[in-house]
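Colleague: structure here, sequence nowhere to be found:
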């Protein structure tokens, strides 16, 4: 693997590893695009300008050995934009999987059964 693809590969691996949660725990993140947008838009609206300014001022940088080197207009590395997309998606998938798992909503649980003594 090219070292310059490591950062993007790591983000891709995070998405690939959390994607099965969509099916296994019925996370429904991809099936609810409005909810996904509500998670992504504020993140992008706040952190893309913030990081663009930080990169431009030299306060923040990515190691060129491990990042793609491709920059968006304004100087923000495309790797950083990918971070701001991948992390909220992975977080939502994980959150919904845990929430649904705790509620007993996973495919192998079968129909929910009432708790308590049976007669």
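Modeller: Cool, got the structure. Values in this document were obtained by computation on a predicted structure and should not be read as measured data. Residues are numbered from 1 along each chain as shown.

Colleague: quick check: what element follows the lowest-mean-pLDDT helix or strand in the chain along the chain?
Modeller: Least confident helix or strand, the chain: helix 20-24 with a mean of 87, by mean pLDDT, DSSP states H and E. Remark: after helix 20-24, the chain's next helix or strand is helix 33-57, criterion DSSP states H and E.

Colleague: give me the number of residues near residue 13?
Modeller: Residue 13 is flanked by 11 other residues according to other C-beta atoms under 10 Å. Heads up, the C-betas are built off the backbone N, CA and C, glycines and all.

Colleague: same check, this time on residue 68
Modeller: The burial count for residue 68: 17, using other C-beta under 10 Å.

Colleague: pLDDT score assigned to it?
Modeller: Predicted confidence (pLDDT) for residue 68: 94.

Colleague: contacts only, for it.
Modeller: Taking C-beta atoms under 8 Å, 6 or more residues apart in numbering as the criterion, residue 68 is in contact with 4-5, 7-8, 77-79.
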